[in-house]
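In: pasting the sequence and the predicted coordinates here, then a few questions.
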Number of protein chains: 2
Amino acid sequence: MFRARCLLRALRSCSSAPCPRHKPSAKLSVRDALRAQNTSGERVTVQGWIRSVRSQKEVLFLHVNDGSSLESLQIVADTTLNSIVRFCMAVPSEPITVLDFLPLQDSGFVHIHTPIITSNDCEGAGELFQVEPSSKMKVPEENFFNVPAFLTVSGQLHLEVMSGAFTQVFTFGPTFRAENSQSRRHLAEFYMVEAEISFVESLQDLMQVMEGLFKTTTMMVLSNCPEDVELCHKFIAPGQKDRLEHMLKNNFLIMSYTEAVEILKQASQNFTFTPQWGADLHSEHEKYLVKHCGNIPVFVINYPLVLKPFYMRDNEDSPQHTVAAVDLLVPGVGELFGGGLREERFHFLEQQLARSRLTEAYQWYLDLRRFGTVPHGGFGMGFERYLQCILGVDNIKDVIPFPRFTHSCLL
Amino acid sequence: MFRARCLLRALRSCSSAPCPRHKPSAKLSVRDALRAQNTSGERVTVQGWIRSVRSQKEVLFLHVNDGSSLESLQIVADTTLNSIVRFCMAVPSEPITVLDFLPLQDSGFVHIHTPIITSNDCEGAGELFQVEPSSKMKVPEENFFNVPAFLTVSGQLHLEVMSGAFTQVFTFGPTFRAENSQSRRHLAEFYMVEAEISFVESLQDLMQVMEGLFKTTTMMVLSNCPEDVELCHKFIAPGQKDRLEHMLKNNFLIMSYTEAVEILKQASQNFTFTPQWGADLHSEHEKYLVKHCGNIPVFVINYPLVLKPFYMRDNEDSPQHTVAAVDLLVPGVGELFGGGLREERFHFLEQQLARSRLTEAYQWYLDLRRFGTVPHGGFGMGFERYLQCILGVDNIKDVIPFPRFTHSCLL
């Protein structure tokens, strides 16, 4: 694992870059750019971190790396280039590869094993399990790791560390909630696919990856394990095949949280929890919204800041004050994905941590932004809920071999 | 996940089966046997469980499944066949596929996510971490799961459950030890590849899979990530490339525990721990043995029963009384794999549990044998130690992005 310490500063590209061509330039990884031999004049964008700068009389030699290769890309720039925030370079269009999202490994995503035991204790994702050696359980003042340690609720923060070196990273592993829940869609131990992507500047980009992941994975499952899927559809969920095809052939919908609340307010249905701007969406609301959308999965975006954790990017849209967060709601399950843009701006994050009284605990996270960072975002998808969604299995305990939930830990 | 409850009884094949041909018959999975269309007369062996028996006047229809297919293989047998313990069937040799071990998924191994939180508390693999909701840490008499719950030290026992339906299974995930160790080859949280294989009847078969896994994985790493490996070899471990090639080109060696102790006793070297039959092999012993073997990895087999956990298969070789356990020692690291045949015989296991005072805790495990089981075995490989071995990295903390060990849990 190569450390991210040598990062100097970020090169960014965005659609408003002063490229001479009007269509957005294609993106290339450093690895693919290095492989490009010809120069047909096609303009492409490379995003990465400058590892070293060598200044000559008339030109600058910049070495740019994005984690896709050990070798860096050498950029020759004019010395008059005072503030390097973006650049376009000419390489042939030949080697441009389209991300295919799954298996994520093949699309340039680096698989990271984020830790299970962590000292982060207050991400706001529900109650935590604490861990100590069994012999020390009755001596709570002594900690094996010197500090209290917990089972992870998400690999996101650790992925953010790694995305600062590898650009596109993901993890697939167990996560935990110590919630006293007996619902048909909660477990104390469950798996999440989580991805984090540097240089992402809009929820639109993120939603494209999420929709691509859902659709490509599902098509792979359907083509690789048709008998298993058919067995489930036949005996457990008749009609599920048609519902799934309906999801696959339609573009997922997008609505803002504000629009969602308006739709719920105008619903003829009586809800147990009255829909209200600033309040969480409950399971009954999620179900209604998906039905309202004709059983097509729907992204709900731009949630009130107060409903989301400290790391979500501020939309600066007062008086509403929302953040660039996104949830994907799907038929039968409700929330399947959660994600958003991360607050990369130092002072915004500093303020948000102070407001949540988390400044001390997340000093290391703030430090990731201290010497500059890049726009980035990511998401997580609950793996058992995903299986429920595609197989039509009603109870989450039926899609995992050894389910763990309150009052039950068999074997 | 399809349950294993419908298993009726085991069909076994072994090399002493009364096949009309002298060479051992090739093995076929039920899936491959079903795909076979022609009947060239080649004899093959299929191993699995009888899911149903239909008795007609003159013949029996047996439906055999091994987890490789939802469809079962129909066997037509003579009704005079009183005790079904093995059979040979004629299918063409055409579809016989050779196991290639890695990626394990492609060689018929089913990937199982064994649980992280478990109620098993006494497998003898070192001290455990206990888990409880952080709010309940000071109320030790209340348990979230009703029983004390721990972080897994191995997925083996859960894999054994699944190997009773899928024949060949593996897991790759985090495991935990609450040991107060600062050594260069121990972590509190580390990854293991573990495999469990039904119908395995000798350590020889198991060692073949272990050696195949090590060699095939290493060759894949060398061909897929040559630059990363070269970087490590160049700057961290000069000469490692030759040492690795030496391991790959030689057949791994095999010696018994008894032979190993004899070699250590005859060594000119002074050990901190005097080698003695019945005592554990220490790191210094492992190093000496590997060196003695010319730096070729060496399997040490047949350990004293008292040194190994209750589930190891009794060799019935009194007065020594050893079990069919195997460790693989490799240069630079020492123990890399541990495994063995599992005690599948009900009364042997019952006695072993009683002797270890574990009868109550492992009643469920004993029950796996109550209605018959099959010979099986498996192993685990420490993933970080594997990386140390091939990359030549001295300290295990340098091959994992977020190392966890006593007194340290950063981020």
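Out: Yes, it's here.
In: burial of whichever residue of the stretch 251-400 of chain A sits closest to chain B, as a residue count?
Out: When Cβ to the nearest Cβ is the measure, the stretch 251-400 of chain A has its nearest residue to chain B at residue A:364, with 5.9 Å between them. In short, each C-beta sits where N, CA and C put it, glycine included. Close neighbours of residue A:364, defined as other Cβ atoms under 10 Å in any protein chain shown, add up to 13.
In: may I see the buried residues of the helix or strand hosting it?
Out: Using DSSP states H and E, residue A:364 sits in helix A:363-370. Within helix A:363-370, the residues that qualify as buried by neighbour count (16 or more other Cβ atoms under 10 Å in any protein chain shown) are A:365, A:368, A:369.
In: shaky segments in the stretch 51-200 of chain A?
Out: Applying pLDDT under 70 to the stretch 51-200 of chain A flags residues A:80-103, A:105-106, A:122-125, A:138, A:140.
In: what about the strands in it?
Out: A:59-65, A:73-78, A:89-90, A:110-111, A:117-118, A:129-133, A:149-151, A:168-176, A:189-198 (DSSP state E, counting those that start in this stretch).
In: pull up the residues of the stretch 201-350 of chain A that are close to chain B.
Out: Contacts of the stretch 201-350 of chain A with chain B, taken as Cβ under 8 Å from any Cβ of the partner chain, map to A:227, A:228, A:231.
In: from residue A:372, how far out is the closest residue to residue A:160 other than its chain neighbours?
Out: Leaving aside its chain neighbours, residue A:160 sits nearest to residue A:196 (5.6 Å; criterion: Cβ to Cβ, 6 or more residues apart in numbering or on different chains). Using Cβ to Cβ, to the nearest Å, residue A:196 is found at 17 Å from residue A:372.
In: and for residue A:165?
Out: Where residue A:372 is concerned, residue A:165 sits at a distance of 14 Å (Cβ to Cβ).
In: likewise for residue A:326?
Out: 25 Å.
In: out of the two, which sits in the more crowded spot?
Out: residue A:326 (25 against 13).
In: surely that one touches residue A:299?
Out: Yes. Counting by Cβ atoms under 8 Å, residue A:326 touches residue A:299, with 5.4 Å between them.
In: which neighbours do these two have in common?
Out: Common neighbours of residue A:326 and residue A:299 (criterion: Cβ atoms under 8 Å, 6 or more residues apart in numbering or on different chains): A:203, A:207, A:210.
In: shaky segments in the stretch 301-411 of chain A?
Out: In the stretch 301-411 of chain A, no residues with pLDDT under 70.
In: ranges for the strands of it?
Out: A:322-330, A:334-341, A:376-382.
In: list the contacts of the last one.
Out: With contact meaning Cβ under 8 Å, 6+ apart, strand A:376-382 is reached by A:154, A:156, A:159-160, A:163, A:190-200, A:203, A:205-206, A:209-210, A:213-214, A:313, A:324, A:326, A:336-342, A:344.
In: just the buried ones among those residues, please.
Out: Buried subset of these (neighbour count, 16+ other Cβ under 10 Å): A:154, A:156, A:159-160, A:163, A:190-200, A:203, A:206, A:209-210, A:213-214, A:313, A:324, A:326, A:336-342, A:344.
In: what segments of chain A are helices?
Out: A:30-35, A:156-166, A:203-224, A:226-235, A:240-249, A:257-265, A:283-292, A:346-355, A:363-370, A:383-391 (DSSP state H).
In: for residue B:78, find the nearest of these.
Out: helix A:226-235 (31.4 Å; Cβ to Cβ).
In: in that closest one, what counts as buried?
Out: Using 16+ other Cβ under 10 Å as the test for burial, helix A:226-235 gives A:229, A:232, A:233.
In: export those residues as a markdown table, with columns for pLDDT.
Out: Output for the buried residues of helix A:226-235, formatted as a markdown table (pLDDT from 0 to 100):
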| residue | pLDDT |
| --- | --- |
| A:229 | 93 |
| A:232 | 92 |
| A:233 | 93 |
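In: kindly present the residues you listed as a markdown table, with separate columns for distance to residue B:318.
Out: Conversion of those to a markdown table gives the following (distance: Cβ to Cβ, whole Å):
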| residue | distance to residue B:318 |
| --- | --- |
| A:229 | 53 |
| A:232 | 52 |
| A:233 | 56 |
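In: the nearest residue to residue A:230 once chain neighbours are set aside: how many residues sit nearby?
Out: Spatially, and ignoring its direct neighbours in sequence, residue A:230 is nearest to residue A:241 (7.9 Å; Cβ to Cβ, 6+ apart). Residue A:241 is flanked by 16 other residues according to other Cβ under 10 Å.
In: the stretch 1-150 of chain A against chain B: which residues are in contact?
Out: A:1, A:69-71, A:112-121, A:127-135, A:137-138, A:140, A:144-150.
In: what's the PyMOL line that selects buried ones from those?
Out: Of the residues of the stretch 1-150 of chain A next to chain B, the buried ones can be selected in PyMOL as follows, counting by 16+ other Cβ under 10 Å:
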select buried, chain A and resi 1+69+112+113+114+115+116+117+118+119+120+127+128+129+130+131+132+133+134+137+144+145+148+149+150
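In: circling back: nearest to residue B:284, of the strands of the stretch 51-200 of chain A?
Out: Per Cβ to Cβ, nearest to residue B:284 of these: strand A:129-133, 26.9 Å.
In: contacts for that closest one?
Out: Outside strand A:129-133, the residues touching it (Cβ under 8 Å, 6+ apart) are A:117, A:140, A:143-144, A:148-151, A:176, A:178, A:188, B:117, B:127-134, B:137, B:144, B:151, B:178.
In: pull it out as PDB, backbone CA atoms only.
Out: Extracted as PDB, the C-alpha positions of strand A:129-133 are listed here (Å, rounded to 0.1, in the frame of the first residue of the first chain):
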ATOM      1  CA  PHE A 129     -20.700  -2.100  19.200                       C
ATOM      2  CA  GLN A 130     -17.700  -1.600  21.500                       C
ATOM      3  CA  VAL A 131     -14.900  -4.200  21.600                       C
ATOM      4  CA  GLU A 132     -12.500  -5.300  24.400                       C
ATOM      5  CA  PRO A 133     -10.800  -8.500  25.200                       C
END
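In: next one: that strand to chain centre, how far?
Out: Chain-centre distance of strand A:129-133: 27 Å, with Cα atoms, centre = their mean, to the nearest Å.
In: what do you get for stretch A:402-411?
Out: Offset of stretch A:402-411 from its chain centre (Cα atoms, centre = their mean): 28 Å.
In: near chain B at all, that stretch?
Out: Yes. Counting by Cβ under 8 Å from any Cβ, chain B has neighbours in stretch A:402-411: A:402, A:404, A:406, A:407, A:408, A:409, A:410, A:411.
In: hang on, the earlier thing: and residue B:270, which of the strands of the stretch 51-200 of chain A is closest to it?
Out: Proximity to residue B:270 (Cβ to Cβ) singles out strand A:129-133 among the strands of the stretch 51-200 of chain A, at 34.4 Å.
In: what lines up beside the closest one in the sheet?
Out: Strand A:129-133 has the following strand partners under DSSP bridges: strand A:149-151 (antiparallel), strand B:129-133 (antiparallel).
In: the ones you listed into CSV, with extra columns for distance to residue A:107?
Out: Below are the strands paired with strand A:129-133 laid out as CSV (distance: least, Cβ to Cβ, whole Å):
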stretch, distance to residue A:107
strand A:149-151, 30
strand B:129-133, 35
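In: spatially nearest residue to the residue of chain A most remote from its centre (excluding sequence neighbours)?
Out: Distance from the centre of chain A peaks at residue A:57, with 43.5 Å (Cα atoms, centre = their mean). If the residues on either side of it in the chain are set aside, residue A:57 comes closest to residue A:79, at 7.7 Å by Cβ to Cβ, 6+ apart.
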